[in-house]
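Asker: My questions are about this predicted structure, shown below with the sequence.
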Amino acid sequence: MKVFVVAGEASGDRLGADLMRGLRHLVSDVSFRGVAGPEMQSEGLDSLFDMSELSVMGLAEVLPKYFALKRRLHKTVAEVLAWKPDILITIDSPDFCLRVARAVRSADPRIRTCHYVAPSVWAWRAGRAKKMAGYIDHVLALLPFEPPYMEAEGMACDFVGHPIAAQSPITSKQIAQFQADFNLDPARESLVILPGSRASEIKRLLPVFCEVLSQPCFGEFQLIFPTLPHLAPLLRAEIGGLPQEKRLITGSGHSAKAAAEERLVAYSAATAALAASGTVSLELAAAGTPMVIAYDMGLISRLVIGSMLNIDTVTLVNLVSETRAVPEFIGKNCTAERIAPALRHILTAPAAQQEAIEATMTRLGRGDPDLHYRAARAVLTGLARA
């Protein structure tokens with residue numbers, strides 16, 4: 001079995017690595033090619049180019065890299081067509097991945113296409129599902145309410161749960177070892193700070209986060225900054241002026257899987273988190289860590305996307321749990337003046353989000369012994385249906 005996988009950012013890389021492990025468990029002879037980050041590469045996939053080149057978001061951020069991204073698109077499509085895989089699996093990053101799938105389908109309709117992570121058509125741009133149906137055969141959904149949106153347009157869609165729900169609970173022994181490894185005082189509280197997995201996000205969000213953390217009420221907290229190795233210099237330059245003790249956690253020297261686990265331990269070691277909007281909210285939920293979510297983008301992107309939103313929250317914990325337990329500050333509301341009081345509040349009442357966090361993890365598949373293999377089984381079932 002030949003599988004071509006394309007991921008464009010860290011969260012997709014993690015999903016891809018889990019999927020590869022699942023397919024290897026179920027298929028005796030399977031080979032992979034594609035575009036990957038460190039986690040899929042640790043599973044043996046040689047990436048066509050550095051996945052970080054695709055990690056841009058927003059109209060203003062993409063435009064300067066348009067021609068470079070277009071060259072990468074052509075290179076990826078050419079490699080798929082030359083290799084002729086049984087299936088092309090694109091993971092998240094729809095601006096790049098869906099263009100790859102569309103071009104492949106146009107050139108060779110015999111190659112099956114599967115997109116992993118249903119686009120959030122329930123949130124904005126509902127017409128994307130109808131367009132996808134022209135070149136995507138099968139969708140793997142991470143959220144339980146997504147399949148009807150895809151099926152309504154004629155695509156097969158399976159809810160496969162979220163791999164984060166399969167993570168083993170972090171133990172007190174792991175937390176104690178983490179605190180010792182990074183010289184954190186277990187008698188003092190910590191905050192975990194997550195300003196995004198893209199350079200453009202960090203440049204926009206981290207100054208706001210630092211303004212929040214500079215307030216005297218947060219002065220006694222130890223600050224933990226989990227990030228990717230190539231982003232560490234960017235964070236280090238920005239956080240140097242903060243008065244608190246700070247720890248950058250990059251996972252350097254570890255395998256990709258061990259680095260991912262280290263991040264979860266970091267989340268579990270913290271009293272609360274201040275994080276960019278995205279999949280990381282589910283990772284924090286898996287660790288049982290209460291959170292405040294914030295996000296902003298360029299003015300053009302803010303105006304365009306803001307006008308299309310048809311939901312009142314973008315935080316996945318809120319959506320899956322059907323609550324509004326997690327405070328979020330998006331766009332023009334992403335200011336230190338608004339964020340700081342919310343962060344102070346959850347530090348005084350950290351248990352307030354626990355019911356929503358537990359509901360989220362249950363609905364995403366926690367406790368299902370087959371969760372590790374649901375995505376891989378869905379891929380194989382989709383191929384059998386063809």
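Answerer: Arrived safely.

Asker: hey, let's count contacts and neighbours off CA atoms from now on
Answerer: Will do.

Asker: From what I see, Ile339 and Lys332 are in contact.
Answerer: No. Contact criterion C-alpha atoms under 8 Å: Ile339 and Lys332 do not qualify, at 11.7 Å.

Asker: Name the residue in those two with the higher neighbour count.
Answerer: Ile339 (22 against 11; other C-alpha atoms under 10 Å).

Asker: State the distance from that one to Ala273.
Answerer: Look at Ile339 and Ala273: by C-alpha to C-alpha, to the nearest Å, they are 12 Å apart.

Asker: try Arg125
Answerer: Separation of Arg125 from Ala273 (C-alpha to C-alpha) stands at 30 Å.

Asker: Please identify which of the two sits among more neighbours.
Answerer: Ala273 (25 against 14).

Asker: helix, strand or coil for that one?
Answerer: strand (DSSP: H, G, I helix; E, B strand; the rest coil).

Asker: residues in contact with it?
Answerer: 191-194, 267, 284, 289-292 (C-alpha atoms under 8 Å, 6 or more residues apart in numbering).

Asker: if you set the cut-off to 7 Å instead, what comes out?
Answerer: Residues near Ala273 by C-alpha atoms under 7 Å, 6 or more residues apart in numbering: 191-193, 289-292.

Asker: Closest one of these to Arg263?
Answerer: Val192 (9.9 Å; C-alpha to C-alpha).

Asker: wait, isn't that closest one in contact with Ala269?
Answerer: No. Applying C-alpha atoms under 7 Å as the test, Val192 and Ala269 come out as separate, 8.4 Å apart.

Asker: correct me, but Val265 touches Ala176?
Answerer: No. Checked against C-alpha under 7 Å, the pair Val265 and Ala176 is beyond contact range at 9.6 Å.

Asker: where does this protein have low pLDDT?
Answerer: 55-64, 123-124, 256, 298-310 (pLDDT under 70).

Asker: Could I get the full set of strands for it?
Answerer: Counting by DSSP state E, one finds strands in the chain at the ranges 2-7, 31-35, 87-91, 112-116, 138-141, 156-159, 190-194, 222-226, 246-249, 272-276, 291-295, 328-330.

Asker: With Arg366 as the reference, name the closest of those strands.
Answerer: Going by C-alpha to C-alpha, the one of the strands of the chain nearest Arg366 is strand 156-159, 13.7 Å.

Asker: what would the strands of the chain look like in CSV with distance to Met20?
Answerer: Listed next are the strands of the chain as CSV, based on distance: least, C-alpha to C-alpha, whole Å:
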stretch, distance to Met20
strand 2-7, 9
strand 31-35, 8
strand 87-91, 11
strand 112-116, 13
strand 138-141, 14
strand 156-159, 17
strand 190-194, 27
strand 222-226, 25
strand 246-249, 26
strand 272-276, 27
strand 291-295, 31
strand 328-330, 34
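
Asker: Out of those strands, which gets nearest to Arg204?
Answerer: Closest among the strands of the chain, using C-alpha to C-alpha: strand 291-295, at 8.7 Å.

Asker: That closest one packs against which elements?
Answerer: Secondary-structure packing of strand 291-295 (3 or more C-alpha pairs under 7 Å, 6 or more residues apart in numbering; DSSP states H and E): strand 272-276, strand 328-330.

Asker: nearest to Pro369, of the ones you listed?
Answerer: strand 272-276 (28.9 Å).

Asker: List the residues that contact Gly251.
Answerer: By C-alpha under 7 Å, 6+ apart, the neighbours of Gly251 are 259, 262.

Asker: Which phi and psi values does it adopt?
Answerer: The phi and psi values for Gly251, taken as degrees, to the nearest 10, are phi 70, psi 10.

Asker: and the gap between it and Arg263?
Answerer: Counting by C-alpha to C-alpha - Gly251 and Arg263 are separated by 8 Å.

Asker: again, but for Ala378
Answerer: Ala378 is 28 Å from Arg263, by C-alpha to C-alpha.

Asker: And Ala166, by the same measure?
Answerer: In terms of C-alpha to C-alpha, Ala166 sits 15 Å off from Arg263.

Asker: Compare neighbour counts for Val265 and Ala176 and give me the winner.
Answerer: Counted by other C-alpha under 10 Å, Val265 and Ala176 do not tie: Val265 has more neighbours, with 22 against 15.

Asker: for the more buried one, what are its contacts?
Answerer: Going by C-alpha under 7 Å, 6+ apart, Val265 touches 170, 174-175.

Asker: of all those residues, which comes closest to Gln353?
Answerer: Ile170 (18.4 Å).

Asker: Quick check: the gap between the closest residue to that closest one other than its chain neighbours and Gly34.
Answerer: Computed as C-alpha to C-alpha, 6 or more residues apart in numbering, the closest residue to Ile170 that is not its neighbour in sequence is Val265, at 6.2 Å. From Val265 across to Gly34, the span is 30 Å (C-alpha to C-alpha).

Asker: can you check Ala126 too?
Answerer: Taken as C-alpha to C-alpha, the span from Ala126 to Gly34 is 29 Å.

Asker: more neighbours, the two?
Answerer: Neighbour tally, Ala126 and Gly34, criterion other C-alpha under 10 Å: the higher count belongs to Gly34, 23 against 16.

Asker: if we can go back for a sec, looking at Ala378 and Arg263, which one has more neighbours?
Answerer: Arg263 (21 against 18).

Asker: residues near the residue nearest to that one when sequence neighbours are not counted, how many?
Answerer: Nearest-residue entry for Arg263: Pro226, 6.3 Å, with adjacent residues in sequence omitted and distances by C-alpha to C-alpha, 6+ apart. Pro226 has 26 neighbours, counted by other C-alpha under 10 Å.

Asker: And Ala386, by the same measure?
Answerer: By other C-alpha under 10 Å, neighbour count at Ala386 equals 8.

Asker: just Thr348 next, same as before
Answerer: 9.

Asker: Give me the distance between it and Met20.
Answerer: To Met20, Thr348 is 42 Å away according to C-alpha to C-alpha.
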